[in-house]
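Asks: let me see the structure of the following:
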Amino acid sequence: MRTLKFLAYFLVAITFFLGAQAWSAEKGNGGDPKKGKILYEKMRCYYCHRIGNVGGTTGPDLTKMGTKNKGIEWHIRNLKDATSTHPTKHPDPRMPQFDKLTDKMFLDLAAYLESLK
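Replies: Numbering: from 1, shown residues only. Here you go, the predicted structure:
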């Protein structure tokens, strides 16, 4: 039983690692909203965040995030450290740390959030 559990965790870690490698291997200066949407779904952000009629309500509604004109850089700072964009608020402990994401992944995710209008 312990072997199966270890194997399951190992396979999940390898899958994540290979996915991160594929994302980071891509070149480009701008983010790709389509890839950002895929990343949003893979990371299961919809468990807490709503877009349209899909998702949870624990986190902020992201349906029209792109209309707020925050900009790509703001989104990246917010994803990396929410206290940098909301200094008076304490970060929600339920919000995961994104320390495994590459710069390209942050760009893509931010581009997706900016595309939500």
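Asks: please count neighbours and contacts with C-alpha atoms only from this point.
Replies: Noted.
Asks: which parts of this structure are strands?
Replies: Secondary structure of the chain (DSSP state E): strands at 50-51, 54-55.
Asks: in TSV: these, plus distance to Phe98 and mean neighbour count.
Replies: Converted to TSV, the strands of the chain look like this (distance: least, CA to CA, whole Å; neighbours: other CA atoms under 10 Å):
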stretch	distance to Phe98	mean neighbour count
strand 50-51	19	17
strand 54-55	20	14
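Asks: reformat the ones you listed as JSON lines; add distance to Thr85.
Replies: JSON lines is the format used below for the strands of the chain (distance: least, CA to CA, whole Å):
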{"stretch": "strand 50-51", "distance to Thr85": "20"}
{"stretch": "strand 54-55", "distance to Thr85": "23"}
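Asks: right, and these - which one's nearest Ala111?
Replies: Across the strands of the chain, Ala111 has its closest neighbour in strand 50-51 (14.9 Å, CA to CA).
Asks: now do the closest one: everything it contacts.
Replies: By CA atoms under 8 Å, 6 or more residues apart in numbering, the residues outside strand 50-51 that reach it are 56-57, 59-64.
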